[in-house]
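*Asks:* got a sequence here, can you model it:
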Amino acid sequence: MVTGFDYLSHDKVLQQHWLRRFVALFLDAVIVIIPLTVLLSIVGLKYVSSGLLASVVFFLYASFFDIAIGGTIGKIVMHMKAVSISGRLSGPQAFMRNLTKIFWPLLLLDWVIGMAIDTNDPRQKWTDRLAGTSVMVFDHPGGT
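*Replies:* Numbers count the residues shown, from 1 in each chain. Model (predicted):
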């Protein structure tokens, strides 16, 4: 059984792909989660309530941008796009692939499970497999 971790250990392009995904996620968190959590805290919501609401908004943000333009602002900045394996990316696919973004430990688990199981596409997290989606690099800065 060949896993995504097997590929990741020696494939520089795959390593760069996952690094880009992580940076895109970080950029999106800076754009959405942090300002929204601070704003909600200022208006008086407790940290747990503001964090939960910010996570739901982040899930909706990621799903909406996947449907509308193929990826979040972070993904677009990193030259990445969420795509359907067959056809156009649908709403249910976008919601499925972003579901674990509601609770950050689940997102980490989603990435680990996606890399740990036997795979044909080591760029997929587990919910990408369930949704029939993947994340692709476009207009690679190296010219390829």
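
*Asks:* other SSEs contacting whichever strand or helix holds A62?
*Replies:* Using DSSP states H and E, A62 maps to helix 47-69. When contacts are defined as 3 or more CB pairs under 8 Å, 6 or more residues apart in numbering; DSSP states H and E, helix 47-69 sits against helix 12-28, helix 34-42, helix 73-77, helix 91-98. (Glycine included, C-beta is placed from N, CA and C.)

*Asks:* turn these into CSV, including mean pLDDT.
*Replies:* Shown next, in CSV, are those (pLDDT from 0 to 100):
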stretch, mean pLDDT
helix 12-28, 94
helix 34-42, 81
helix 73-77, 96
helix 91-98, 97
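
*Asks:* where does the chain have its least confident helix or strand?
*Replies:* One helix or strand of the chain scores below all others by mean pLDDT, DSSP states H and E: helix 34-42, with a mean of 81.

*Asks:* please state the offset of that helix from the chain centre?
*Replies:* 22 Å (CA atoms, centre = their mean, to the nearest Å).
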